[in-house]
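*Asks:* model the structure of this input:
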Amino acid sequence: MLVLSRQKNESIMINDDIEITIVDVRGDKVRLGITAPKSIAVHRREVYDAIQKEKAAADPEHIKSK
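*Replies:* Sure thing, here's the model as predicted:
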């Protein structure tokens with residue numbers, strides 16, 4: 001895992017087409033803005049996990065990988 005320090009309005013780039021910007025910091029919460037191509041799905045972890053669980057239920061051969 002890469003750990004970076006960023007301040008409000010600073011960003012990081014992933015490859016050439018994904019940008020993550022720190023939008024706001026309030027107490028222990030950080031708001032992120034994510035710019036990515038429409039072909040790349042972006043979800044909160046709990047939503048991603050629910051999607052994977054649904055896929056596994058629909059297809060017992062589905063193997064979740066991290």
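*Asks:* can you confirm residue 46 is in a strand?
*Replies:* No - Residue 46 sits outside any strand when classified using DSSP: H, G, I helix; E, B strand; the rest coil, being helix.
*Asks:* so where is the chain shaky, pLDDT-wise?
*Replies:* Regions of the chain meeting the criterion pLDDT under 70 cover residues 62-66.
*Asks:* biggest strand in it by residues?
*Replies:* Looking across the chain with DSSP state E, the single longest strand is strand 18-26.
*Asks:* helix, strand, or coil at residue 30?
*Replies:* Of the three states, residue 30 takes strand according to three-state DSSP.
*Asks:* what does stretch 13-30 rub up against?
*Replies:* Under the criterion Cβ atoms under 8 Å, 6 or more residues apart in numbering, residues 6-12, 31-37, 40 lie in contact with stretch 13-30. All C-beta spots, glycine's among them, are computed from the backbone N, C-alpha and C.
*Asks:* which of those residues lies closest to residue 58?
*Replies:* Distances from those to residue 58 were compared by Cβ to Cβ; the smallest belongs to residue 40, at 22.3 Å.
*Asks:* residue contacts, residue 45?
*Replies:* The contact partners of residue 45, taken as Cβ under 8 Å, 6+ apart, number zero.
*Asks:* any idea how far residue 61 is from it?
*Replies:* 24 Å (Cβ to Cβ, to the nearest Å).
*Asks:* swap in residue 24?
*Replies:* Residue 24 is 42 Å from residue 61, by Cβ to Cβ.
*Asks:* got it, and residue 54?
*Replies:* As for residue 54, its distance to residue 61 is 15 Å (criterion: Cβ to Cβ).
*Asks:* residue 33 now?
*Replies:* Distance from residue 33 to residue 61, counting by Cβ to Cβ: 37 Å.
*Asks:* so for those two, which sits in the more crowded spot?
*Replies:* residue 33 (12 against 5; other Cβ atoms under 10 Å).
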